[in-house]
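Participant: next comes the sequence, and after it the predicted model I'd like to discuss.
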Amino acid sequence: MHIPDGYLSPSTCASLYAGATPFWVVSLQKMKRRLNTQAVPLLSLFAAFSFVIMMFNLPLPGGTTGHAVGVAIAAIVLGPWGSILAISVALVIQAIFFGDGGVTAIGANCFNMAIVGSLVAYAVYRLIAGRTPIESPRRVIAAAAAGYCAINASALMAALEFGIQPMLFHDASGAPLYAPYPLRIAVPAMMIGHLTIAGLAEMIVSGGVVAYLQRAEPALLKTTAPGAGVGREPVSMRPLWIALALLLILTPLGILAAGAAWGEWVPDDFSTPQTRQQIAAVSGNEAAPAQAPAGLQKLATIWTAPMPRYAPPILKSAQLGYLLSAMLGAGLIALACMGGAWIFTRLRS
């Protein structure tokens, strides 16, 4: 779901930046009263958790890969507005430093995963959980359903954005300028893997984390529990940071799944015979263009990330590079959250 540079037209990217901006503004307004509290460490923690969990690639049907997002658990603990900020920070760091998602498509990726994902997750969780006690098993079911619905809603948004490109943006001969496959291919290609493997992964992560928090730190679940009251009791975040550290150590497992995610091919892939066969196999057996669409080629190199694909150029070991990228990304997210909170607080004073 990390749409790269060149797959969406500039006007589509601009529209999605414009669509995401009001949600970012409202999120900052909603969260401003909490920026001097434990909210900032929590934002950092769940933004880093989302960043790390997205590094665990999963094999999907047809030979592509996908991943969980962690958006539902962020929405459950932080509320939808805090989740929008946390996931957006993770996506911005991914795009700028690691080339995971394009800089021109940050608005689109944030709209799909951070905004749509957070709002859908929150709505589903509240609908199913209702006013049940914090320790109720129904909340685990609600969290699992929220995760499943959120990731599939995000995937559907990306599929629609991919699929409308050939219809709206093509040259005089009808050849697509950006994403090459229409809706009839893009939607099933994106959704099959998410409705099955990636959706189940998000479901397990969301339900599992809520089940853990019910026993370990139930106060973190009170924000989205009507009638429970927002707990003011101190919360020990040490076990959560330890859990994140363990995930960081395990990140090299994320590169075991071979293959690119659907719609994240680099321009050279379109002219490589073997890769063209793989693209066609996961795209309804419809052949890809003989070369990358013109607009895609033009925009694909608009930004070169310092550590593209989580592979620092100075390291020969892919596993070590992936681990160090995960650690650096988590650190950058923490700095971004704390620095942003400091700046925002200074501007208010």
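Facilitator: Yep, that arrived. Owing to the predicted nature of the structure, the values given are computational and were not obtained by experimental measurement.

Participant: so for the helix or strand encompassing Ile96, what gets flagged as buried?
Facilitator: Using DSSP states H and E, the element containing Ile96 is helix 71-98. Of the residues in helix 71-98, 71-98 count as buried by neighbour count, 16 or more other Cβ atoms under 10 Å. All C-beta atoms are positioned from the backbone trio N, CA, C, and that covers glycine.

Participant: over to stretch 261-269?
Facilitator: 261-267, 269.

Participant: please apply the same query to stretch 310-328.
Facilitator: 310-312, 321-326, 328.

Participant: just the strands in the protein please.
Facilitator: 58-59, 65-66 (DSSP state E).

Participant: would a markdown table of those strands with mean neighbour count, distance to Ala290 and mean pLDDT be doable?
Facilitator: Below are the strands of the chain laid out as a markdown table (neighbours: other Cβ atoms under 10 Å; distance: least, Cβ to Cβ, whole Å; pLDDT from 0 to 100):
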| stretch | mean neighbour count | distance to Ala290 | mean pLDDT |
| --- | --- | --- | --- |
| strand 58-59 | 16 | 28 | 90 |
| strand 65-66 | 24 | 25 | 90 |
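
Participant: using CSV, please lay out these together with distance to Pro293.
Facilitator: As requested, the strands of the chain are exported to CSV (distance: least, Cβ to Cβ, whole Å):
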stretch, distance to Pro293
strand 58-59, 27
strand 65-66, 23
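
Participant: now for these, which one comes closest to Leu16?
Facilitator: strand 65-66 (21.0 Å; Cβ to Cβ).

Participant: in the stretch 1-150 of the chain, where is pLDDT below threshold?
Facilitator: The model of the stretch 1-150 of the chain has pLDDT under 70 over residues 35-38.

Participant: which residues of the stretch 151-300 of the chain fall in helices?
Facilitator: Remark: helices assigned in the stretch 151-300 of the chain by DSSP state H, counting those that start in this stretch are 183-193, 199-216, 238-250, 273-281, 294-300.

Participant: let's have these in CSV, adding distance to Leu42 and mean pLDDT.
Facilitator: Conversion of the helices of the stretch 151-300 of the chain to CSV gives the following (distance: least, Cβ to Cβ, whole Å; pLDDT from 0 to 100):
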stretch, distance to Leu42, mean pLDDT
helix 183-193, 31, 95
helix 199-216, 12, 96
helix 238-250, 9, 92
helix 273-281, 41, 91
helix 294-300, 36, 96
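
Participant: now for those, which one comes closest to Ala150?
Facilitator: Nearest to Ala150, of the helices of the stretch 151-300 of the chain and by Cβ to Cβ, is helix 199-216 at 7.0 Å.

Participant: leaving out chain neighbours, which residue sits closest to Ala300?
Facilitator: Leaving out its chain neighbours, the residue that sits closest to Ala300 by Cβ to Cβ, 6 or more residues apart in numbering is Gly6, at 4.1 Å.

Participant: need the contact list for the one you found.
Facilitator: When contacts are counted by Cβ atoms under 8 Å, 6 or more residues apart in numbering, Gly6 is found next to 102, 104, 178, 267, 292-293, 295-300, 302.

Participant: how about these, which pair is most distant?
Facilitator: Thr104 and Ala292 (15.7 Å).

Participant: ok, those two, which is more surrounded?
Facilitator: Between Thr104 and Ala292, counting by other Cβ atoms under 10 Å, Thr104 is the more crowded of the two (25 against 21).
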